[in-house]
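> Quick one: sequence plus predicted model below, questions after.
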Amino acid sequence: MLRNRISLSPDGLASIVGAMRRFNTAGPCDPEKHYMVPPVPRLADARKYVEDQSYFVVHAPRQTGKTTTLMALARAVTAEGRIAAVHFSCEPAQALARDVPAAERAIYRWLREEAAAQLPAELAPPPPEQAEEGVFLLVNLANWAARCPRPVALVFDEIDALLGDVLISVLRQLRAGFPRRPVGFPASIVLCGLRDVRDYKAASGGDASRLGTASPFNIKVESLKLGGFTPEDVGQLYLQHTEETGQVFEPGAVEHAYALTQGQPWLVNALAREIVEKMAVPPAVSINAGHVEEAKERLILARATHLDSLVARLNEDRVKQFIQPMLAGQMVATPDSYNDDLLYVRDLGLVAPSNPLRIANAIYKEVIVRVLTVPAESQVQAEPRSFVLPDGKLDMGRLISEFLEFWVQHGPVLVEGMSYHEAAPQLVLMAFLQRIVNGGGYVEREYAIGRGRIDLLVKWPLSGKGAQSKAWQREAIELKVWADKKPDPLEQGLKQLDQYMAQVGLDHGFLVLFDRRSTALPVEERVAVSQADAASGRSVTVVRA
């Protein structure tokens, strides 16, 4: 049965208002246009802190719903009649990083424009008074708070768009006004951005002492991190589509969507939008896990804007120090800045918010590898369909043989040119493998951090098309590196691959050993393929590269 569109009242609950909505992947959610999880409950403590007249920070990775949630919060508390709350963005001042007076005026001008749209006229801020650089916001916010019949609450969204002296000036003025609240300054202020307040000192130029304190916002009562969707949230979001169109998301589809995304809101919406709008699965057809898997591949290949902005961070040293050893299956070093840098990569959303240390979700894991392997994959001239046998199976013997030829010819040069040098051999093999199976199959990757290995599961469809196949050829591959001052990893590799084969239910696998010792033979002399048996009796093809 079809249902009308729902819209959210100020407290984030739903009421019926008319017409079909869509899954949103661009900008804040509009309850009249988009399916959406009720926003205010996602950050329940924020309402309490606003009502308690506190200053606090909200941070989360991009495209997680920060703006949607805080806009709804501002509407909700204003509608209750006790507080005048305004949400506005600091982005208009981003281009004025070196011009503090102009940036201060731009922030207040944008605040007034947003207030005019969000508040009754009697609550709006007055025209600006002239004031010196460094106190312009302090003077004008104090003036507004003194005139407004209600306590004022401000949400400074995209606060980390401000840089250098502008950021320092804004934070100092907010600190200076804090003791005057609620009559002489805004009663509650929310700073919202990608990073926690601990990292603002980096945005201000890296010198915390320039702010006069180790913390640039030491008046905050709390830092709140907006998390991803829960499995129940994903189910609720997809159910809204079912209620409006009659098209069912099967339980397996919802579970697989959560497994791939770990509840990252943009990804959850993007998968559903890809299925419903781009793949155009008919409303009469139930959406299953195969559709979700196909949508995942399409998103990765399309390099959507959100994914591109994420991987643009990969060559930052603060990011690379974590991602590179994870890709190589190694332990992560712990420099002096370990805690701050780990918080940073978690704030970016690249790394999961909890231990053990791992990539945030399966889609990010795949995107990261695809991006890093582009230079190597572009050198692979082999035609993927030539590896398909007459019975439809993938010719793994030929794949290994041609990879070794490719490795001898191009491996050393490709490894030398890769920025992720520690994981370069593994990335070259994954690039070759991706090129071959991209004609219809998939590669699942598991990084055994601290255990010196990467496990790959190649899935090749034997019937049907891609993710909709009813039968699959599955091949287990383990990658290990022989490093200086370390023993031959063959014995350990056979044991680990044996465990992985048992885990995925296979009786044969491939163990690829990259010799990166300084005393290793030239590559053309060391490549070899042999057969071995694991302790369980499972057979292993040992590939030395």
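All right, it came through fine.

> all contacts plus neighbour counts: C-alpha atoms, from now on.
Will do.

> gap between Glu294 and Met279?
According to C-alpha to C-alpha, to the nearest Å, Glu294 stands 9 Å off from Met279.

> ok, the two, which is more surrounded?
Glu294 (18 against 14; other C-alpha atoms under 10 Å).

> any idea whether that one is helix, strand or coil?
helix (DSSP: H, G, I helix; E, B strand; the rest coil).

> pLDDT at it, what is it?
As predicted, Glu294 sits at a pLDDT of 92.

> Check Ile454 too.
Ile454 is assigned a pLDDT of 88 by the prediction.

> Which elements pack onto the one helix or strand it maps to?
Using DSSP states H and E, the element containing Ile454 is strand 453-463. Packed against strand 453-463 by the contact rule (3 or more C-alpha pairs under 8 Å, 6 or more residues apart in numbering; DSSP states H and E) you find helix 317-328, strand 442-448, strand 471-482.

> what comes into contact with that strand?
327-330, 392-394, 437, 440-448, 466-467, 469-481, 497, 500 (C-alpha atoms under 8 Å, 6 or more residues apart in numbering).

> Going by neighbour count, which of these are buried?
Among those, the ones that count as buried by 16 or more other C-alpha atoms under 10 Å are 327-330, 393-394, 437, 440-443, 445-448, 466-467, 472, 474-481, 497, 500.

> ok, Gln473 touching Asp395?
No - contact criterion C-alpha atoms under 8 Å: Gln473 and Asp395 do not qualify, at 10.5 Å.

> Common neighbours of these two, please.
With C-alpha under 8 Å, 6+ apart, Gln473 and Asp395 have no common neighbours.

> now the strand holding Ile454, how far from the centre of its chain.
Chain-centre distance of strand 453-463: 24 Å, with C-alpha atoms, centre = their mean, to the nearest Å.

> for Leu271, what are its contacts?
Leu271 touches 257, 292, 295-296, 299, counting by C-alpha under 8 Å, 6+ apart.

> Buried residues in the helix of greatest length in the chain, which are they?
Counting by DSSP state H, the longest helix found in the chain is helix 396-417. Neighbour counts over helix 396-417 (16+ other C-alpha under 10 Å) mark 399-400, 403-404, 406-408, 411, 414-415 as buried.

> Same list, those, but as TSV with pLDDT and distance to Leu521 please.
Listed next are these as TSV, based on pLDDT from 0 to 100; distance: C-alpha to C-alpha, whole Å:
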residue	pLDDT	distance to Leu521
Leu399	96	23
Ile400	97	20
Phe403	96	18
Leu404	97	15
Phe406	96	17
Trp407	96	14
Val408	96	12
Gly411	92	14
Leu414	92	18
Val415	91	16
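
> Quick check: the farthest pair among these?
Greatest spacing in the buried residues of helix 396-417, by C-alpha to C-alpha: Leu399 and Val415 (19.9 Å).

> Please spell out which residues along stretch 114-124 are buried.
In stretch 114-124, the ones that count as buried by 16+ other C-alpha under 10 Å are 114-116, 118-119, 123-124.

> so what's Asp507 closest to, chain neighbours aside?
Excluding its sequence neighbours, the residue lying closest to Asp507 (C-alpha to C-alpha, 6 or more residues apart in numbering) is Arg538, at 5.0 Å.
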